[in-house]
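Visitor: Any chance you could fold what I've pasted below:
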Amino acid sequence: MHASFSLVDYVLLIAYVLTSLAVGLWFARSQKSVEGYFLAGRSAPWWVVAISLISSDTSAISYMGVAALVFMGDLQLFPAAIALPFGALFVAYAFVPFLARHKVFTIYEYLEHRFSLQVRTFASALFILMRGTHLAVALYAAGLALSQVMGLPMWISLATLGGLTTLYTVLGGMKAVLWTDVMQFFVMMIGLVAILIGVSTAFGWDLSAIWNLASHPPSESVPWLDGKSSAASHTRMFDFSFSPAAMTFWAVIINSFLTFVGSYGSDQVLVQRYLSAGSKKSMAASLIGASLLTVPVNLIFFATGVFLVAFYYRFLHVPGHEWVGGLTDANRVITHFISNGLPGKLGAIVIAGLFAGTMSSFSAGLNSLSTATYIDFVTRFGGPARSERQGVARAKLLTLFWGVAIVLVAALIGGSDSIFAIGAKVIGPFSGPLLGIFLLGMLSRRANNVGAIAGAIVGAAATVYVPYCTPIHWLWYVVVGRMVGFSAGYVLSFLQPAPVLRAEASA
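Guide: Got it, this is the predicted structure:
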């Protein structure tokens, strides 16, 4: 069984992309102010923001990477959802009050209130490097999928996804990003459900057989595990050991809590989503709503991995399914299954879901990169635009610049690690220290400029050192960066006198 994309399938995919562009054109008519372009006028419904938070944080890394994790391991990352509501409550309590009160455009404006302009600029630059690399990895993962399923050269895949998404983001601003995120969220979920339907059909809808086979796979070497034995269960969910080199329950929970707090408290992409909700109450509601919505979303993601594991073991030696043995890279299991195991219509739906995941995270990232560049650099150092019209024009040019730049960076990425591991290696050096700066400002009255910047540099160095010079699991990379950055920042703050804090900065 091999999926052949007919003319109708291609027309459906093109129609989906054109719909996204139409949304951008629709909202382009109302882009008359910088606040409207970057923050949707601070009037977005909280439920739209909640869905956008999930959609913009779900890229091809998740779409392909979760199934790959299950193929190479098990379900131990699934309990991460337990920690997310606690992370949402922490962010709602520690970050939202200041953001709502001061009507900021970027989270890094807080750092100028608490520390200095230098710290704000440093942190914003750190965010730009972090998010730029993340978007490049996500775009690279999606490009792999398109190049395999549709037979497109890698550069055409990257240019198509990146170029089309950049276009509607430039045109429509935050309103286009939010509402296309809602549309793309449901397309992503429908795409994954299409895989579940395809596998269930192959098993005669015997779901217990799917779970049992994934739990007790045959003990034999398989190509997608580099010839290693497949005897280990792929449905194991909890490991309460304390080994730093393994994916354990403690590593998952600690990483998930700190990742959520770091992402939703110091990553402009996600902060900007809930800033667009306007009021303190709406911001908190969108954060908590997003954290709760993550549970069923994760369930679908991990179920997809379990179903595919069972399918590939079941049909590895079945005549007529020789293509199953052709999977040699677990990172490509989604695209391999689309190309060979799904009828064209279902395959087109899954590819549309991959499009959706990439476009939502990419558009959100572009919007926030241009916001940080415009607010924290162009306006802060060059002065405000002479008019709102000129400001919007500058914002659009910056969005276009970042779109082109990230497509070029994505073309340079490669490697044999899991997609999640690649992401952790390139994002960790920036993400970990960034949260450390904010925690220093909020939790310590003794922290100062020297400690904030020097601590972040030390934390980044530690995060670079860990993946290449220690055997610890990638889940600990960001944890190390944040803890080392915070500790070093606090200690190094004693090199200068304690700062005099304004009341609003310590709130």
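
Visitor: Surely Leu398 and Ser370 touch.
Guide: Yes: using C-beta atoms under 8 Å, Leu398 is in contact with Ser370, at 3.9 Å. Every residue, glycine included, has its C-beta placed from N, CA and C.

Visitor: Report how many residues lie close to Arg101.
Guide: As a burial measure, Arg101 scores 11 neighbours (other C-beta atoms under 10 Å).

Visitor: now it: how far from Met283?
Guide: The gap separating Arg101 from Met283 is 11 Å, by C-beta to C-beta, to the nearest Å.

Visitor: do the same with Met130
Guide: 22 Å.

Visitor: Excluding sequence neighbours, find me the nearest residue to Arg236.
Guide: Nearest non-adjacent residue to Arg236, counting by C-beta to C-beta, 6 or more residues apart in numbering: Asp74, 4.2 Å away.

Visitor: Met237 is in contact with the one you found, correct?
Guide: Yes: with contact defined as C-beta under 8 Å, Asp74 counts as touching Met237 (7.0 Å).

Visitor: Gly151: how many residues sit nearby?
Guide: 10.

Visitor: Next up, phi/psi of it, please.
Guide: phi 70, psi 20 (degrees, to the nearest 10).

Visitor: I'd like the distance between it and Leu440.
Guide: 50 Å.

Visitor: What separation is there between Phe95 and Leu89?
Guide: Using C-beta to C-beta, Phe95 is found at 11 Å from Leu89.

Visitor: Quick check, pLDDT for Ala488.
Guide: We have a pLDDT of 92 for Ala488.

Visitor: from memory it sits against Ala452, does it?
Guide: No: using C-beta under 8 Å, Ala488 is not in contact with Ala452, being 10.3 Å away.

Visitor: ok, the two, which is more surrounded?
Guide: Taking other C-beta under 10 Å, Ala488 and Ala452 do not tie; Ala452 has more neighbours (29 against 22).

Visitor: any weak-confidence spans in this structure?
Guide: For the chain, the stretches with pLDDT under 70 are 1-6, 8-9, 28-30, 59-61, 227, 229-231, 343-345, 414-432, 501-507.

Visitor: Name the single longest helix found in it.
Guide: In the chain, taking DSSP state H as the definition, the longest helix is helix 154-202.

Visitor: which residues sit against the following helix or strand past that one?
Guide: Per DSSP states H and E, the first helix or strand lying C-terminal to helix 154-202 is helix 207-215. Helix 207-215 is contacted by residues 199-200, 203, 233-235, 306-307, 309-311, 313-314 when judged by C-beta atoms under 8 Å, 6 or more residues apart in numbering.

Visitor: For the very next helix or strand once past helix 207-215, list the C-alpha coordinates in CSV.
Guide: Once helix 207-215 ends, the next helix or strand along the chain (criterion: DSSP H and E) is helix 249-266. The C-alpha atoms that make up helix 249-266 are tabulated as CSV, following Å, rounded to 0.1, in the frame of the first residue of the first chain:
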residue,chain,number,x,y,z
PHE,A,249,10.0,10.8,36.2
TRP,A,250,11.9,13.4,38.2
ALA,A,251,13.7,14.7,35.1
VAL,A,252,10.5,14.9,33.2
ILE,A,253,8.6,16.8,35.9
ILE,A,254,11.4,19.2,36.8
ASN,A,255,12.2,19.9,33.2
SER,A,256,8.5,20.4,32.3
PHE,A,257,7.9,22.8,35.2
LEU,A,258,11.0,24.9,34.5
THR,A,259,10.4,24.8,30.7
PHE,A,260,6.8,26.0,31.1
VAL,A,261,7.9,28.8,33.5
GLY,A,262,10.8,29.7,31.3
SER,A,263,8.7,29.7,28.1
TYR,A,264,5.6,31.4,29.4
GLY,A,265,7.6,33.8,31.7
SER,A,266,10.5,34.8,29.6
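
Visitor: tell me what helix 249-266 is packed against?
Guide: Judged by 3 or more C-beta pairs under 8 Å, 6 or more residues apart in numbering; DSSP states H and E, helix 249-266 is in contact with helix 80-94, helix 268-275, helix 419-443, helix 475-492.

Visitor: mind checking how far the residue nearest the centre of the chain is from Leu225?
Guide: Centroid-nearest residue in the chain, with C-alpha atoms, centre = their mean: Asp57, separated by 3.7 Å. As judged by C-beta to C-beta, Asp57 and Leu225 stand 29 Å apart.

Visitor: Leu435 too?
Guide: According to C-beta to C-beta, Leu435 stands 35 Å off from Leu225.

Visitor: And the two? Which one has more around it.
Guide: Leu435 (24 against 15).

Visitor: For that one, which residues are in contact?
Guide: Leu435 touches 258, 261-262, 265-266, 482, 485, counting by C-beta under 8 Å, 6+ apart.

Visitor: now do Ala159
Guide: Applying C-beta under 8 Å, 6+ apart, the residues near Ala159 are Val407.

Visitor: from here on, count from 16
Guide: In the new count, where the first residue is 16, that last one comes out as Ala174.

Visitor: any idea how far it lies from Ala157?
Guide: The gap separating Ala174 from Ala157 is 12 Å, by C-beta to C-beta.

Visitor: Equivalent analysis for Leu186, please.
Guide: Here the distance between Leu186 and Ala157 works out to 21 Å (C-beta to C-beta).

Visitor: Against Leu141, how distant is Thr184?
Guide: For Thr184, the distance to Leu141 - C-beta to C-beta - is 23 Å.

Visitor: which one of those two has more residues nearby?
Guide: Each of Thr184 and Leu141 has its neighbours counted (other C-beta under 10 Å); Thr184 has more, 28 against 22.
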